[in-house]
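Enquirer: Got a sequence here, can you build the structure:
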Amino acid sequence: MLPLIAYLVVLTLLINLGFWQLDRAAQKSLRLSQQLSATDKAPIRITDQISAIADDWLFRKVSLSGAFDGQQQFLIDNQIKNSQPGYFVLTPFIIYGQKKAVLVNRGWIKANPLRAQLPDVPITNPKGTITGTLNRFPSVAIHLKGAEIPTATHPSIVQVVDVAVLSEKINYPLHDFQVQLAPEIRGGFLRDWDTAEKKLMTPEKHEAYALQWFAMALVLTLLCFRIFLKKKTNE
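Expert: This next block holds a predicted model:
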């Protein structure tokens, strides 16, 4: 009786995992279509009333008119591109007619082998209209204590972006999201941005995982059936 119970428990687990992956595939397919359609929509206008961005706003195009604050720039540390360490360059952009500024990610720049020597991050277009896409700030697997505290250098280095902390440092409020500067806008660095396709595990991968779980359930069933027949034969 005990082997049968164990078989049924494991079989149920494998089947549930398979259906869970199928459900994830359906969710990802819907989310992917929403985000891909967002890239085709007209640019939205950022206002002070926007506190955060919802999932369906990710990768949405924006157009902003204002001025960069070149005296208050930040480097997000530990950003790897092509196996090389570097930084994302975040520059506050003060939007005309708005109280809140937004951090514009101007792209990736390689770190100097001598960590004390920070890269030069000049601004060639201090004022005007820029375009980009909305996104959340880069996340980290482990949030170490103090990782959100910017260094006293110029530009400041942070491991994790906390807009409340950065707002206090620069003395004006910031939106809790970033705008990734469009590649065609001058004044940036390497901008190989994550897109909806890159960022999400594709529905096909979830379906492949589901197939693996179902296959394991089938193999388990065949194996148990074979053991059962062998036991009956020996009797």
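
Enquirer: thought residue 178 was touching residue 102?
Expert: Yes: contact criterion Cβ atoms under 8 Å: residue 178 and residue 102 qualify, at 7.3 Å. (Each C-beta comes from the backbone N, C-alpha and C, glycine too.)

Enquirer: Outside of stretch 162-174 itself, list whatever touches it.
Expert: By Cβ atoms under 8 Å, 6 or more residues apart in numbering, the residues outside stretch 162-174 that reach it are 69, 72, 74, 92, 94, 99-103, 148-150, 156, 158, 175-176.

Enquirer: Can you select the buried ones from the residues you listed in PyMOL?
Expert: Burial among the contacts of stretch 162-174 is assessed by 16 or more other Cβ atoms under 10 Å; the matching PyMOL selection reads:
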select buried, resi 69+72+74+92+94+100+101+102+103+148+149+150+156+158+175+176
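
Enquirer: which ones among the contacts of stretch 162-174 are found in strands?
Expert: Residues of these located in strands (DSSP state E): 74, 92, 94, 101, 102, 103, 156, 158, 175, 176.

Enquirer: Farthest-apart pair in these, please.
Expert: Farthest-apart pair in the ones in strands among the contacts of stretch 162-174 is 94 and 158; separation 19.7 Å (Cβ to Cβ).

Enquirer: For burial, what's the neighbour tally of the nearest residue to residue 184 once chain neighbours are set aside?
Expert: Spatial nearest neighbour of residue 184, excluding adjacent residues (Cβ to Cβ, 6 or more residues apart in numbering): residue 131 at 8.0 Å. Residues contacting residue 131 under the criterion other Cβ atoms under 10 Å number 14.

Enquirer: Kindly state the beta-bridge partners for residue 131.
Expert: Note on residue 131: beta-bridge partners by DSSP bridges are residue 63.

Enquirer: my guess is it contacts residue 62, does it?
Expert: Yes: the criterion here is Cβ under 8 Å, and residue 131 meets it with residue 62 at 6.9 Å.

Enquirer: list residues touching both of those two?
Expert: Taking Cβ under 8 Å, 6+ apart as the contact rule, residue 131 and residue 62 both touch residue 43.

Enquirer: avg pLDDT for whichever strand or helix holds residue 167?
Expert: Taking DSSP states H and E as the criterion, residue 167 maps to helix 163-170. Averaging pLDDT along helix 163-170 gives 94.

Enquirer: can you give me the offset of that helix from its chain's centre?
Expert: Taking Cα atoms, centre = their mean, to the nearest Å, one finds the center of helix 163-170 at 21 Å from the center of the full chain.

Enquirer: need the contact list for the residue nearest the centre of the chain.
Expert: When Cα atoms, centre = their mean is applied to the chain, the residue found nearest the centroid is residue 138 (5.7 Å). Residues in contact with residue 138, defined by Cβ under 8 Å, 6+ apart, are 76, 79, 88, 161.

Enquirer: what secondary structure does it sit in?
Expert: Three-state assignment for residue 138 (DSSP: H, G, I helix; E, B strand; the rest coil): coil.

Enquirer: Give the buried residues for the longest helix belonging to the chain.
Expert: The longest helix of the chain (DSSP state H) is helix 2-38. Judged by neighbour count (16+ other Cβ under 10 Å), helix 2-38 contains these buried residues: 7, 11, 14, 17-18, 21-22, 24-25, 28-29, 31-32, 35, 38.

Enquirer: Residue ranges in the chain under the pLDDT threshold?
Expert: Applying pLDDT under 70 to the chain picks out residues 1, 31, 34-40, 48-56, 141-144, 194-201, 232, 234-235.
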